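Asks: kindly generate the corresponding structure for this input.
(2 chains)
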Number of protein chains: 2
Amino acid sequence: MRLAELSERSGVSTATIKYYLREGLLPPGERLTATKAEYGEEHLRRLRLVRALIQVGRMPVATAREVLKSAEDESLSPHLRLGAAVWALPHGPGPDEGAPETARAREQADALLERLDWTHNQGAGDPSPAYRMLVEAIASLARLGYPHDTDHLLPYARLVSQLAVHELDVVETYDTPTEQIEASVALTVLYEPVLLSLRRLAQAGESSRRFDQA
Amino acid sequence: MRLAELSERSGVSTATIKYYLREGLLPPGERLTATKAEYGEEHLRRLRLVRALIQVGRMPVATAREVLKSAEDESLSPHLRLGAAVWALPHGPGPDEGAPETARAREQADALLERLDWTHNQGAGDPSPAYRMLVEAIASLARLGYPHDTDHLLPYARLVSQLAVHELDVVETYDTPTEQIEASVALTVLYEPVLLSLRRLAQAGESSRRFDQA
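Replies: You can find the predicted model right below:
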């Protein structure tokens, strides 16, 4: 398809598509003449992912480029490509290494992962951004005197474990490794607001059941 | 206790405590002399909540003040106080009323809540920020061509439903309605990064199990 059709089918203006092409967020089309290029379904798919990252994930262009670069590195295994792409997503703040709660929070995070038999999720080398974010979240709870022991964290971990099975089932409905990785990154970002908004609606319902004795 | 002790026990500097007092985030202590005041355990508790909102929730001072005002309105029932406080928390963006996907996304959100028998969570009047955030999340998925039907959303809703039972159990370990509401707001904010970081760790584990055939 030509640029105009790519714009129409994606709902992204031709000016924005040209900007994404210049910024390397979208691979170039197959050049037909000096001013015309042909685009394929893979451009349409990639464009959806770019919009998920930038418009919904509110990611800076440079971060989105890094996520996409990791996702398309075919020298890596699918698991590593996916891991590298998710690794490059923005995360909440990591722990303050100088804070007195951090060492203890790290022990608690490790105890939780061990209890769940998730230690292999972590791997060797640098801790992942998700692990660092978990340590900081536990340290914040500790610093502010709110419950943060394994018994309080386990229900969250068990539920997202079940969710991950469902999420990877959805990812596996896509055909090729590249499509699976693109969908996985997009769904990680796009389902975060689903999860957080439903959590608040569920809390409101439970609060009503307990406290609103009509 | 005096200001110095409040600072020491809370880990918040006296300058910051004075700023929170001026901004109305912390109720004034009991005045002893023109320059001295006495603070109680409720100040310590409130200070923890303020830090959860501002430092972890990254909320502007004006938003935090609005959340706290709702939480302490004793003319309301505990459920309404909690609801008002959570309502005032920052949420993701609401739906774009002009977008073609929005009406359909609202129908899908309503169908989901009906299927879950959560329609009472919503109540009459203005839709809650959490509901508006859900509609926008569904509209984004639709706009970008990712799965967003009830079958895909239900697993998220069912899991946060179970989580809400656990979360309200934790809230009920606090003694008074005011403490329960304060804890509930703090835990809503502080457990969001726990949930999101564990989700990514769980996905990494599941991805490894499926794609890393060693």
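Asks: give me every residue that touches A:Glu179.
Replies: Shown in contact with A:Glu179 (CB atoms under 8 Å, 6 or more residues apart in numbering or on different chains): A:Arg45. (Each C-beta comes from the backbone N, C-alpha and C, glycine too.)
Asks: in which helix or strand does it reside?
Replies: Assigned by DSSP states H and E, A:Glu179 belongs to helix A:177-211.
Asks: could you pull up the mean pLDDT of that helix?
Replies: Helix A:177-211 comes out with an average pLDDT of 89.
Asks: cool, and stretch A:130-142?
Replies: 93.
Asks: ok, and what's touching that stretch?
Replies: With contact meaning CB under 8 Å, 6+ apart, stretch A:130-142 is reached by A:86, A:91-96, A:99, A:101-102, A:104-106, A:108-109, A:122, A:127, A:147-148, A:153, B:52, B:55-56, B:190-191, B:193-194, B:196-198, B:200-201, B:204.
Asks: could you do stretch A:101-112 as well?
Replies: Identification of contacts with stretch A:101-112 by CB under 8 Å, 6+ apart yields A:95-96, A:118-119, A:131, A:134-136, A:138-139, A:142-143, A:148-150, A:153-154, A:157.
Asks: mind checking what helix or strand follows the helix or strand bottoming out on mean pLDDT in chain A in sequence?
Replies: When the helices and strands of chain A are scored by mean pLDDT, DSSP states H and E, helix A:119-122 comes last with a mean of 60. Remark: after helix A:119-122, the chain's next helix or strand is helix A:129-143, criterion DSSP H and E.
Asks: what comes up buried for that next one?
Replies: Neighbour counts over helix A:129-143 (16 or more other CB atoms under 10 Å in any protein chain shown) mark A:129-143 as buried.
Asks: and for stretch A:32-50?
Replies: For stretch A:32-50, burial by neighbour count (16+ other CB under 10 Å) applies to A:Ala37, A:Tyr39, A:His43, A:Leu44, A:Arg45, A:Arg46, A:Leu47, A:Arg48, A:Leu49, A:Val50.
Asks: pLDDT value on the fourth one, please?
Replies: Among the per-residue scores, A:Leu44 shows a pLDDT of 91.
Asks: hang on, it packs against A:Gly11?
Replies: No: if you go by CB atoms under 8 Å, A:Leu44 and A:Gly11 don't touch, sitting 10.5 Å apart.
Asks: quick one: residues contacting the most centrally placed residue in chain A.
Replies: Residue closest to the average C-alpha location in chain A (CA atoms, centre = their mean): A:Thr188, at 3.9 Å. Counting by CB under 8 Å, 6+ apart, A:Thr188 touches A:Val86, A:Leu89, B:Arg199, B:Arg200, B:Gln203.
Asks: between the residues you listed, which is closest to A:Val171?
Replies: Using CB to CB, B:Gln203 comes nearest to A:Val171 of the contacts of A:Thr188, at 9.1 Å.
Asks: setting aside sequence neighbours, what's the nearest residue to the closest one?
Replies: Distances taken as CB to CB, 6 or more residues apart in numbering or on different chains put A:Ala164 closest to B:Gln203, at 4.8 Å, once the chain neighbours are dropped.
Asks: burial count for that neighbour?
Replies: Close neighbours of A:Ala164, defined as other CB atoms under 10 Å in any protein chain shown, add up to 22.
Asks: next one, pLDDT for it please.
Replies: For A:Ala164, the pLDDT comes out at 92.
Asks: equivalent analysis for A:Glu172, please.
Replies: 91.
Asks: can you give me the helices for chain A?
Replies: Here chain A has its helices, by DSSP state H, at A:3-10, A:14-22, A:41-51, A:61-71, A:78-88, A:100-115, A:119-122, A:129-143, A:150-171, A:177-211.
Asks: out of those, which one sits most buried?
Replies: When those are scored by mean count of other CB atoms under 10 Å in any protein chain shown, the highest mean neighbour count falls to helix A:129-143 (a mean of 25).
Asks: how far does that helix sit from its chain's centre?
Replies: Helix A:129-143 has its C-alpha centroid displaced from the chain centroid by 18 Å (CA atoms, centre = their mean, to the nearest Å).
Asks: put the alpha carbons of it into PDB.
Replies: What follows is helix A:129-143, C-alpha atoms only, in PDB (Å, rounded to 0.1, in the frame of the first residue of the first chain):
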ATOM      1  CA  PRO A 129      13.700  -2.800  36.100                       C
ATOM      2  CA  ALA A 130      10.600  -4.700  37.300                       C
ATOM      3  CA  TYR A 131      12.600  -6.200  40.200                       C
ATOM      4  CA  ARG A 132      14.100  -2.800  41.100                       C
ATOM      5  CA  MET A 133      10.600  -1.300  41.100                       C
ATOM      6  CA  LEU A 134       9.300  -4.000  43.400                       C
ATOM      7  CA  VAL A 135      12.100  -3.400  45.800                       C
ATOM      8  CA  GLU A 136      11.300   0.300  45.900                       C
ATOM      9  CA  ALA A 137       7.600  -0.300  46.400                       C
ATOM     10  CA  ILE A 138       8.300  -2.600  49.400                       C
ATOM     11  CA  ALA A 139      10.800  -0.100  50.800                       C
ATOM     12  CA  SER A 140       8.100   2.700  50.500                       C
ATOM     13  CA  LEU A 141       5.600   0.500  52.400                       C
ATOM     14  CA  ALA A 142       8.200  -0.200  55.100                       C
ATOM     15  CA  ARG A 143       9.300   3.500  55.300                       C
END
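Asks: rewinding a little: of the buried residues of stretch A:32-50, closest to chain B?
Replies: Nearest to chain B among these: A:Arg48, at 4.5 Å, using CB to the nearest CB.
Asks: right, and the closest one touches A:Ala186 too?
Replies: Yes: counting by CB under 8 Å, A:Arg48 does reach A:Ala186; the two are 6.9 Å apart.
Asks: find residues that contact each of the two.
Replies: B:Leu144, B:Tyr146.
Asks: run the chain-centre distance for stretch A:190-201.
Replies: Computed by CA atoms, centre = their mean, the chain-centroid distance of stretch A:190-201 equals 14 Å.
Asks: wait, does that stretch contact chain B?
Replies: Yes: Stretch A:190-201 lies within reach of chain B by CB under 8 Å from any CB of the partner chain, at A:Leu190, A:Tyr191, A:Glu192, A:Pro193, A:Val194, A:Leu195, A:Leu196, A:Ser197, A:Leu198, A:Arg199, A:Arg200, A:Leu201.
Asks: touching that stretch from outside, list them.
Replies: Contacts for stretch A:190-201 (CB under 8 Å, 6+ apart): A:52, A:56, A:167, B:86, B:91-92, B:113, B:118, B:121-122, B:128, B:130-131, B:133-134, B:136-138, B:140-141, B:144, B:146, B:153, B:156-157, B:160, B:163-164, B:188, B:192, B:195-196, B:199.
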